[in-house]
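Asks: got a sequence here, can you build the structure:
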Amino acid sequence: MADGRFIFFWSFLGVWLISRFPYGQAAEVPIGVELAPLQHLVINNGEEIATLDPHQLYGVPAKNVMRNLFEGLVNLDSCGQVAPGVAERWQQSADGKTWTFYLRPNARWSNGDPLTADDFIYSWRRLAAPSTRSPYSHYLIDLGLVNGAAVIAGQQPPKTLGVRAIDQQTLQLQCERIVPYCLKLLTVVAFYPVHAATVEQYGNGVDDHRWYAVSHFVGNGAYQLQGWVVNEKLRLMRNPHYWDNAHTVIDSATFLPIFDEVVDVRRYQAGEIDITHFRLPLIHFQKLQQQYPDELHYFPLSAVYAYQFNGRCQRFQDRRVRQALSMAVNRQQLVQQLIGQGERVAYTLTPPDINGWITTPPWVDWPEARRYQHARQLLKAAGYHADNPLQFTLLYSTSELHEQIAVALAEQWKQHLTGAVKVNFICEEWKVFLHSRLSGQYHMARNGRIADYDDPSCMLHKLRSQHIENDCFYQSTRFDDWLDRASAAIEEHQRQYCYQQAELQLAIDVPLIPLFHPVAHRLVKPYVGGLSERNPLGIFYIKDLYLIKHPTVPSGYRP
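Replies: Residues are numbered from 1 along each chain as shown. Now for the predicted structure:
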């Protein structure tokens, strides 16, 4: 990649290939398939969402909805590869630092307004502005956009951000360095455009006095907002102004915020839900495998399930305490006895699927007795033992799975550390839990990280010392330095080596305890067509789906 001619060749080839296939992925109905007269999809989203603002969102449930209400420059196809979105083609400069995107002339907002390069400029400046306080503004830094860090820090005005409009259909990005994962990063929800006039008129008030209220919502995705009853349902309908509306089949969709896995399955069995959440009830999983062998689908998921320490909490300041608690966890037992759905034990933050290598602490290969003995010695050296136990609280969000894992962890620590640890529990509903974790109101908290894009940087950068999403408040100049080296690396093998060293630093410092890399299982009705299981991020768009003719079951969730 150091050779500019090499970069130009592949950039030219990418543009040529894309020009040969002008459409992004869309619903492809096989010949002979008879479609259902009612094209309305019901999906359980697992939790209630807090916002529909791409610059303020936090959590997977909100992203699932926003991918259908908005669209960025690029999308992901069924295999997780970058595909055209608002931009129908693009090219990279010979030095690799300038990207030019050519927008579709027929791109429109849901109110019919033309969508132009200026909309992206407005949106990204808003994303960067300190006043927005976006939890995802850091992605502008990850993108390497000129002046990104300075604008976010308030040292430069937003207008100096390295993005400009050559004309209404041509957007150009100027980066400070070569970013190999640039296109992957641009699929992230934070880079979606927002409608400037609507945002400026209504702002960020409450109820109908917020720009994304149902009464005046304007997006640019394949769907628009039709209704939203908090804690009950959120309904979308087709956007007739979407550039590829002619290839969209499903007319409307309902997202449900059902967090109870058992209730989710019961409503699926009753025919009220077409696609369940990816978290199925543990106690019924084997039965579901037998009962619905053709409807239980496995979806890859680049993610990690962990418990994180509050770095500001005095009892966890000593690294030996964190190391001992991690070392005393029998991850294999957790996975086999509690979950057993194909999960893999985790000793690193980054899933192997993303980087292709596995880094583990040296004690992983020790016999269990040696590990637990060493963990007890570490705790004792830090001043904790049966007569002076380490006491703290585990915070988790409402879920059968989360509760069982928290209880199992406490039991393992009690057993393996011979009374040197005492644990209490706090369970909070999703939005309250997020606020508690982000504000640091916890001792130790559950953390489920799902990659936003397919690259190690996605998971690791969020633990940078000053990162806005670093809600375990981890501070390490060595870790930061390895990430800086990775960003500056030209060759891919150099970049991967730096990320590997960053993972090794995490294994030493233990700001969090990775437990396992989850998988996603959903129950999907056999009449749902177009759903791909090949996207490594487990992402799908409703515009790519269709419903085959079937007997319709009465449901309050359908029109």
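Asks: can you report phi and psi for L515?
Replies: With angles defined as degrees, to the nearest 10, L515 sits at phi -110, psi -50.
Asks: could you do W109 as well?
Replies: phi -80, psi 170.
Asks: my guess is it contacts N220. True?
Replies: Yes - assessed by CB atoms under 8 Å, W109 is found in contact with N220 at 5.2 Å. Bear in mind the C-beta positions are built from the backbone N, C-alpha and C, glycine included.
Asks: what about these two, which has more around it?
Replies: Taking other CB atoms under 10 Å, W109 and N220 do not tie; N220 has more neighbours (27 against 23).
Asks: mind listing what that one touches?
Replies: 70-71, 86, 107-110, 115, 119, 192-193, 195, 239, 242 (CB atoms under 8 Å, 6 or more residues apart in numbering).
Asks: circling back: what is in contact with W109 and N220 at once?
Replies: Shared contacts of W109 and N220, defined by CB under 8 Å, 6+ apart, comprise 115, 195.
Asks: turn the contacts of N220 into a markdown table, columns for pLDDT, distance to N147 and secondary structure.
Replies: What follows is these, written out as a markdown table (pLDDT from 0 to 100; distance: CB to CB, whole Å; DSSP: H, G, I helix; E, B strand; the rest coil):
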| residue | pLDDT | distance to N147 | secondary structure |
| --- | --- | --- | --- |
| F70 | 98 | 25 | coil |
| E71 | 98 | 26 | coil |
| V86 | 98 | 23 | coil |
| A107 | 98 | 27 | coil |
| R108 | 98 | 30 | strand |
| W109 | 98 | 28 | coil |
| S110 | 98 | 32 | coil |
| L115 | 98 | 25 | coil |
| D119 | 98 | 20 | helix |
| Y192 | 98 | 21 | coil |
| P193 | 98 | 20 | coil |
| H195 | 97 | 25 | coil |
| N239 | 98 | 34 | coil |
| Y242 | 98 | 33 | coil |
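Asks: now these in a markdown table, with distance to Y527?
Replies: Below are the contacts of N220 laid out as a markdown table (distance: CB to CB, whole Å):
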| residue | distance to Y527 |
| --- | --- |
| F70 | 28 |
| E71 | 26 |
| V86 | 31 |
| A107 | 32 |
| R108 | 31 |
| W109 | 32 |
| S110 | 28 |
| L115 | 34 |
| D119 | 37 |
| Y192 | 30 |
| P193 | 34 |
| H195 | 35 |
| N239 | 24 |
| Y242 | 24 |
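Asks: which single one of those residues is nearest to M444?
Replies: Of all these, Y192 has the smallest distance to M444: 33.6 Å, by CB to CB.
Asks: what does the pLDDT read for A489?
Replies: Looking at A489, its pLDDT stands at 86.
Asks: what's the neighbour count on it?
Replies: The tally of other residues near A489 (other CB under 10 Å) stands at 19.
Asks: next one: G342
Replies: G342 has 12 nearby residues by other CB under 10 Å.
Asks: does it touch Y298 like I think?
Replies: Yes - the criterion here is CB under 8 Å, and G342 meets it with Y298 at 6.9 Å.
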